[in-house]
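Participant: One predicted model, sequence on top.
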Amino acid sequence: MGKSMVIDVHVHLTPPEIAADRGRFMAGEGPWAALYADPKARMMSTGELMALMDEEGVDLALVFGFPWSDEDKAKRHNEWLLAEAERHPGRLRPLAAFDVLAPWALKHAEAMLAAGHLGLGELALYDRGFGPRELDILAALGDLCREGDRPLLMHVNEPIGPAYPGKAPLELGQIYALVRRLAGVRLILAHFGGGLPFLAAQKKEVRESLAQVRFDTAAMPFLYDPAALPMALKVLGPEHFFLGTDCPLLKPSRYRRYFEAAGLSPLETEMIMGKAAADFLNSGEETRK
């Protein structure tokens with residue numbers, strides 16, 4: 001039996017012009033300023049990512065930019081990602097990010113999907129929860145992904161614990177409401193779904209609603225004791241969880257050590273490191289043919 005692919009579904013790439021002068025892009029972009037005003041906040045170039053992927057044995061990465069509020073910034077960043085993916089076929093697959101509340105968001109999403117983006121993500125609302133208006137807009141974007149059987153990767157985070165840059169004021173009920181509104185969408189919830197997998201042990205209805213949802217591991221070593229992961233796997237199964245490094249935040253090897261500390265079996269680790277994501281992505285490709 002051949003070695004399974006290693007797939008990282010959560011990688012941020014930054015164009016050189018932005019990385020070289022991050023301050024110039026902060027006007028009108030509150031979330032960008034909150035996350036990147038600190039010069040120690042790392043950004044990653046394509047060259048750095050490719051070297052890291054080779055070093056760490058990563059076969060494929062899903063890459064995305066930032067949910068810019070300015071349409072031109074979003075367009076330039078997303079078109080740059082498309083060009084980078086074309087330069088590295090089979091290694092990089094781009095998702096389109098943008099401010100979902102912008103009046104041009106739906107039009108931009110349609111254009112980026114038509115241009116060749118695999119799906120949408122990491123979509124994020126860093127400064128608010130999911131109220132009725134936000135859910136309506138996300139449902140419309142979900143409709144686009146559902147029609148083309150495209151993945152939608154959504155930023156969510158745990159509702160309790162310490163604050164940090166990029167932590168949205170979310171409640172688990174709001175995240176679950178999003179899941180219900182996006183039923184039938186190839187939905188990936190970032191950052192362990194804010195802890196939503198644990199609720200699958202509560203009621204049959206919740207397990208059924210989460211049956212088609214996937215969760216990435218982005219930032220889990222900072223946010224969850226390793227014991228959290230086997231508990232979630234027992235309820236939902238390892239096929240529901242994908243390696244997401246939030247690179248350049250952490251390297252894949254850091255997650256390997258985390259999975260080892262969690263006591264995962266070799267099969268469970270193999271599933272999370274890439275097999276589950278490969279099955280998920282391949283099934284989508286088959287549907288689109």
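Facilitator: It's in.

Participant: any idea where the helices of the stretch 51-200 of the chain begin and end?
Facilitator: 71-87, 105-115, 132-148, 172-181 (DSSP state H, counting those that start in this stretch).

Participant: By mean pLDDT, flag the weakest helix or strand of this protein.
Facilitator: Within the chain, no helix or strand scores below helix 276-288, which has a mean of 84 by mean pLDDT, DSSP states H and E.

Participant: just the angle between that one and helix 132-148, please?
Facilitator: 70 degrees (axes from the mean of the first three to the mean of the last three C-alpha atoms, to 10 degrees).

Participant: what distance separates helix 276-288 from the middle of the whole chain?
Facilitator: From the chain centre to the centre of helix 276-288 is a distance of 16 Å (C-alpha atoms, centre = their mean, to the nearest Å).

Participant: by contact count, what packs against that helix?
Facilitator: Contacts defined by 3 or more C-beta pairs under 8 Å, 6 or more residues apart in numbering; DSSP states H and E place helix 276-288 against strand 7-12, strand 151-154, strand 214-216, strand 241-242. All C-beta atoms are positioned from the backbone trio N, CA, C, and that covers glycine.

Participant: Return the most buried member of those.
Facilitator: Among the helices and strands packed on helix 276-288, strand 241-242 has the highest mean neighbour count (mean count of other C-beta atoms under 10 Å), at a mean of 28.

Participant: ok, back up a step: in CSV, list the C-alpha atoms belonging to the least confident helix or strand of the chain.
Facilitator: C-alpha atoms of helix 276-288 as CSV (Å, rounded to 0.1, in the frame of the first residue of the first chain):
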residue,chain,number,x,y,z
ALA,A,276,-9.5,12.3,4.9
ALA,A,277,-8.9,15.6,3.0
ALA,A,278,-7.9,13.6,-0.1
ASP,A,279,-11.1,11.7,0.0
PHE,A,280,-13.1,14.9,0.5
LEU,A,281,-11.4,16.7,-2.3
ASN,A,282,-11.5,13.8,-4.7
SER,A,283,-15.2,13.2,-4.2
GLY,A,284,-15.8,16.9,-5.1
GLU,A,285,-13.7,16.6,-8.2
GLU,A,286,-15.7,13.5,-9.3
THR,A,287,-19.0,15.4,-8.8
ARG,A,288,-17.8,18.4,-10.9
